[in-house]
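A.B. asks: Here is my input, please return the structure:
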Amino acid sequence: MRNNDADGRDTSAEFADFWDHFQLLPWKWAETITSRFRYFVFSTLLAYGVFIFFTVFPAGAALPLKDYPSINVIFLGGILIGIMILAWRRKVPSIFQWLWQGERLEPRQKDLKTEYHRYLQEYQAALLSSTRPLALGILFIGGLCIFLAQVPQFLSENFALVPLLLIYLAYLIIIFWAFMACIVGWAFLITSLYIQNLPQRFAIKIQPGHPDQCGGLKPVGDFCIRSAIPLIVAGFVSGVISMSTWDNSRTPADLATVALFLLGPFAAITVFIPLWDIHNYMSQQKGIYADIFATQAMELQQTIRVHSRENGDFKTAEVARDKLELLQTLHPDKLPYPVWPFRFTDTLLAVFSPQILQTVIGFGAFVYNTFFKKEP
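C.D. replies: Modelled structure (predicted):
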């Protein structure tokens, strides 16, 4: 889609070379396997199939999906979460392209194109730093292995060699994609920091009367909200497991309960932290807008008072009155000036929806068991 500015320039063609060579992840192989959904879906379904096979055709003392049905929820929820993470990963360039093509930025001091190009180059350089995401991934996998330290002993006691190797293969697939989630998480962190840094680098154009009721910045807010959707879905998965009594052990449900109440605040942080400086900037601009309106209104009121006197120019007073009436259509109370690039209430409800749902269901179960359940 071509987008022309006031001078007739094709703004969609600018920075085309940068985006053609843009790389979100620090390694080419990681960029390749996360650019297509099929690699993730096929490998995860392969791991899930191993558990299904040894549940339908027992090869040991344990039946994975029968003894621990929450594994079904974890796998299916994990596939959905993984698809959403990869979908977010593929949408990253579009928000930065939109900022330029939508002409939402103005320069602070230097030429806008030069400054924005430098901004994009710094963003790319930060993404390609491989040391920190690698350390983060290794640290996470190390913690995961410690957390699952009892699993090898459990498997060796309940499965023969061949099925044991296949189950280990399934675990390796899970661990690999957990590692890749950390790498994409690093890219998300860098992207969030550069969105947060926008008000410091550029003046942002805010349109109080924009139909999106977010000053024309709703795509930025939507992008950050999409970043939190995998965490929200993970909250629903944790909520389902925490309320379950399917497994032979309460450990998965207890861990899911802890995860549930951590995911809500973390999802909120995911949305609000990168947009906090933009919120402050919008609040500041709202104050400036209100001051300009008040100054203009006071000047017109003063003109009306001066020329309404006996020796005044009544025609000038009438013109000032008409201008004041016209100015009232732009009153901050009649034309609300947005201070968030998203719908605040809707966002909070979405972020904490798993906790709200669990609370409602838990309260309903308590009322039923207390007042309606008949004793045997």
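
A.B. asks: Low-confidence ranges, the stretch 151-300 of the chain, go.
C.D. replies: Low-confidence segments of the stretch 151-300 of the chain, defined by pLDDT under 70: none present.

A.B. asks: show me where it has strands.
C.D. replies: Applying DSSP state E, counting those that start in this stretch to the stretch 151-300 of the chain gives strands spanning 202-204.

A.B. asks: max-length helix in this protein?
C.D. replies: Across the chain, the longest stretch assigned as helix under DSSP state H is helix 251-307.

A.B. asks: Let me know the next secondary structure element after that one.
C.D. replies: For helix 251-307, the succeeding helix or strand toward the C-terminus, using DSSP states H and E, is helix 314-328.

A.B. asks: for residue 107, phi and psi?
C.D. replies: Backbone torsions for residue 107, taken as degrees, to the nearest 10, come to phi -70, psi 150.

A.B. asks: Find the nearest non-adjacent residue to it, please.
C.D. replies: Once flanking residues are discounted, residue 107 sits nearest to residue 115: 5.6 Å by Cβ to Cβ, 6 or more residues apart in numbering. The C-beta positions use only the backbone N, C-alpha and C, and glycine is treated the same way.

A.B. asks: one step back: which other helices and strands does the longest helix of the chain contact?
C.D. replies: Judged by 3 or more Cβ pairs under 8 Å, 6 or more residues apart in numbering; DSSP states H and E, the packing partners of helix 251-307 are helix 70-101, helix 161-196, helix 198-201, strand 202-204, helix 218-242, helix 314-328, helix 344-351, helix 353-367.

A.B. asks: Quick check: residue 260 touching residue 352?
C.D. replies: No - distance between residue 260 and residue 352: 10.6 Å, which falls outside the contact criterion (Cβ atoms under 8 Å).

A.B. asks: In terms of neighbours, single out the busier of those two.
C.D. replies: Between residue 260 and residue 352, counted using other Cβ atoms under 10 Å, residue 260 has the larger neighbour count: 22 against 18.

A.B. asks: Tell me, how many residues neighbour the residue nearest to that one when sequence neighbours are not counted?
C.D. replies: In space, and not counting its chain neighbours, residue 260 is closest to residue 238: 4.1 Å by Cβ to Cβ, 6+ apart. A total of 28 residues lie near residue 238 under the criterion other Cβ under 10 Å.

A.B. asks: same question, residue 222
C.D. replies: Using other Cβ under 10 Å, residue 222 has 18 neighbouring residues.

A.B. asks: same check, this time on residue 96
C.D. replies: Using other Cβ under 10 Å, residue 96 has 22 other residues around it.

A.B. asks: Can you give me the separation between it and residue 270?
C.D. replies: For residue 96, the distance to residue 270 equals 18 Å [Cβ to Cβ, to the nearest Å].

A.B. asks: for the residue nearest to residue 260, what are its contacts?
C.D. replies: For residue 238, the contacting residues are 256, 257, 259, 260, 263, 354, by Cβ atoms under 8 Å, 6 or more residues apart in numbering.

A.B. asks: again, only using 7 Å
C.D. replies: Listed by Cβ atoms under 7 Å, 6 or more residues apart in numbering, the contact partners of residue 238 are 256, 259, 260, 263, 354.

A.B. asks: of these, closest to residue 123?
C.D. replies: Distance to residue 123, by Cβ to Cβ, is smallest for residue 263 among the contacts of residue 238, at 27.5 Å.

A.B. asks: what's the spacing between the closest one and residue 153?
C.D. replies: Between residue 263 and residue 153 the computed distance is 30 Å (Cβ to Cβ).

A.B. asks: These two - which one has more neighbours?
C.D. replies: Between residue 263 and residue 153, residue 263 has the larger neighbour count (other Cβ under 10 Å), namely 26 against 9.

A.B. asks: surely the more buried one meets residue 236?
C.D. replies: No - the criterion here is Cβ atoms under 7 Å, and residue 263 misses it with residue 236 at 9.3 Å.

A.B. asks: what do the two both touch?
C.D. replies: residue 354.

A.B. asks: Residue 17: neighbour count?
C.D. replies: Residues near residue 17, counting by other Cβ under 10 Å, number 9.

A.B. asks: Could you do the one 3 residues further on as well?
C.D. replies: Burial of residue 20 is recorded as 7 neighbouring residues (other Cβ under 10 Å).

A.B. asks: for it, what are its contacts?
C.D. replies: With contacts defined as Cβ under 7 Å, 6+ apart, residue 20 has no neighbours.

A.B. asks: helix or strand for the residue nearest to residue 107, which one?
C.D. replies: Using DSSP H and E, residue 115 sits within helix 112-127.

A.B. asks: roughly how far is that helix from the heart of the chain?
C.D. replies: Distance, stretch centre to chain centre, for helix 112-127: 22 Å (Cα atoms, centre = their mean, to the nearest Å).

A.B. asks: So which residues make contact with it?
C.D. replies: Defining contact as Cβ under 7 Å, 6+ apart, one finds that helix 112-127 is touched by 14-15, 18, 22-24, 26, 96, 100, 105-107, 187, 190, 194, 201.

A.B. asks: Using PyMOL, make a named selection holding only the buried ones among the residues you listed.
C.D. replies: Restricted to buried positions by 16 or more other Cβ atoms under 10 Å, the PyMOL selection for the contacts of helix 112-127 reads:
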select buried, resi 14+15+18+22+24+26+96+100+105+187+190+194+201
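
A.B. asks: and the two most separated of the contacts of helix 112-127?
C.D. replies: Among those, 26 and 106 lie farthest apart (Cβ to Cβ), at 32.1 Å.

A.B. asks: Surely residue 40 and residue 81 touch.
C.D. replies: No - applying Cβ under 7 Å as the test, residue 40 and residue 81 come out as separate, 10.4 Å apart.

A.B. asks: and of the contacts of helix 112-127, the nearest to residue 311?
C.D. replies: Within the contacts of helix 112-127, proximity to residue 311 (Cβ to Cβ) peaks at residue 106, which comes in at 46.5 Å.

A.B. asks: Please name the residues that touch that closest one.
C.D. replies: If you count contacts by Cβ under 7 Å, 6+ apart, residue 106 has them with 112, 202, 203, 205.

A.B. asks: That's all I had, so thanks and see you.
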